[in-house]
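Participant: generate a structure from the sequence data that follows.
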Amino acid sequence: MKKTKLFIATILASFAMTSCLVDDERPSFEEDHANTPYSVGTDIESGSYIFTPADTETVKIDGAILLVGMTNGTYSSSDIAVKYEIDPLNEATEGTMFAITNTTNEFIIPAGQELSPDMLNLELYPSAFPTGEITKVIINIVPVNPSASVQTGLPFGKIELEVEKCDPPLSGTYSNSFNATTVEITPLGCNDTYRANYLTPFSGVYWWEFSHDPATGNIVITDWQYEGSNPLTYDTASVDGSGNITVTNADVAGVSWYQDLTWTLSPL
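Facilitator: Numbering: from 1, shown residues only. Here you go, the predicted structure:
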């Protein structure tokens with residue numbers, strides 16, 4: 001019995017010593033976190049822009065350069081310097097399709113602070129983008145002097161804008177066959193979907209949306225402002241060779257006078 005007890009005690013003591021050795025070698029959570037680098041980026045969000053030939057005004061995009069991750073939740077004790085670089089995969093021509101209008105490409109986040117006093121100022125020039133294509137504008141925020149204490153990159157240190165330009169055939173201003181109210185049709189994208197700002201012949205101005213099949217001329221009304229409470233139904237909807245949009249036998253549920261109405265929108 002004594003030998004058995006001694007053997008068990010020896011094993012337990014061995015486990016305890018091993019446990020102590022492992023704990024001594026493992027860094028604490030605070031030490032791990034304190035050794036992580038500062039993360040720097042911009043609050044300009046990556047995303048998509050859709051332009052048509054009618055879009056000619058410069059699009060200005062301004063964003064802050066800031067700390068998006070801090071070592072142990074504290075600010076840096078020294079200045080952090082970063083700059084912008086055009087990514088090798090960028091497809092847009094700088095100076096023609098877009099420009100960064102800062103007087104300098106270097107941004108300083110002062111010690112003890114979260115933001116650089118200088119903004120990143122980006123401009124897009126819709127007229128210069130090719131029609132029928134998606135063009136990427138890709139800009140990176142990188143350290144001026146590479147260091148293990150500062151990191152950049154996805155998602156906040158890379159700006160990736162997809163600019164799609166198209167010429168949707170149904171966008172424009174239309175008259176309607178009931179009254180003097182004009183209808184503005186604007187594209188929702190480069191996928192033959194549209195929004196009209198007025199549903200004929202209401203006295204109020206209510207939007208409606210539709211998709212268009214260029215091959216057949218058919219239109220499908222997909223939604224309108226009060227579809228949830230007063231659904232819209234119709235027999236046919238289509239575009240003729242002159243660009244006139246005709247909807248036949250339209251009904252709006254719950255609206256007694258809006259029954260079996262046929263109306264036409266004609267481009268102005």
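Participant: just give the number of residues close to the closest residue to Y206 other than its chain neighbours.
Facilitator: Spatially, and ignoring its direct neighbours in sequence, Y206 is nearest to Q225 (4.1 Å; CB to CB, 6 or more residues apart in numbering). The way it works is simple: take the backbone N, C-alpha and C, and place the C-beta from them, glycine included. Residues lying near Q225 (other CB atoms under 10 Å) number 17.
Participant: got the contact list for Q225?
Facilitator: L199, Y206, W207, W208 (CB atoms under 8 Å, 6 or more residues apart in numbering).
Participant: which among those residues count as buried?
Facilitator: Those of those that meet the buried threshold are L199, W208, by 16 or more other CB atoms under 10 Å.
Participant: just the contacts of Q225 now: which is nearest D260?
Facilitator: L199 (15.5 Å; CB to CB).
Participant: of the contacts of Q225, which belong to strands?
Facilitator: W208 (DSSP state E).
Participant: take the contacts of Q225 and write them to a markdown table, including pLDDT and distance to D251.
Facilitator: Below are the contacts of Q225 laid out as a markdown table (pLDDT from 0 to 100; distance: CB to CB, whole Å):
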| residue | pLDDT | distance to D251 |
| --- | --- | --- |
| L199 | 98 | 12 |
| Y206 | 98 | 15 |
| W207 | 98 | 18 |
| W208 | 98 | 14 |
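Participant: can you tell me which of the contacts of Q225 lies closest to T101?
Facilitator: For the contacts of Q225, the nearest to T101 is W207 (35.4 Å; CB to CB).
Participant: now the residue nearest the centre of the chain, nearest residue through space, not along the chain?
Facilitator: When CA atoms, centre = their mean is applied to the chain, the residue found nearest the centroid is G47 (3.0 Å). With CB to CB, 6+ apart as the criterion, G47 has its nearest non-adjacent residue at 6.5 Å, and that residue is L161.
Participant: show me the contacts for that neighbour.
Facilitator: With CB under 8 Å, 6+ apart, L161 has these contacts: S46, G47, S48, Y49, I61, L124, K136, V137, I138.
Participant: what's the spacing between the nearest residue in space to the last one that is not next to it in sequence and T248?
Facilitator: It stands for I138. Among residues not flanking I138 along the chain, D87 sits closest, at 3.7 Å (CB to CB, 6+ apart). To T248, D87 is 52 Å away according to CB to CB, to the nearest Å.
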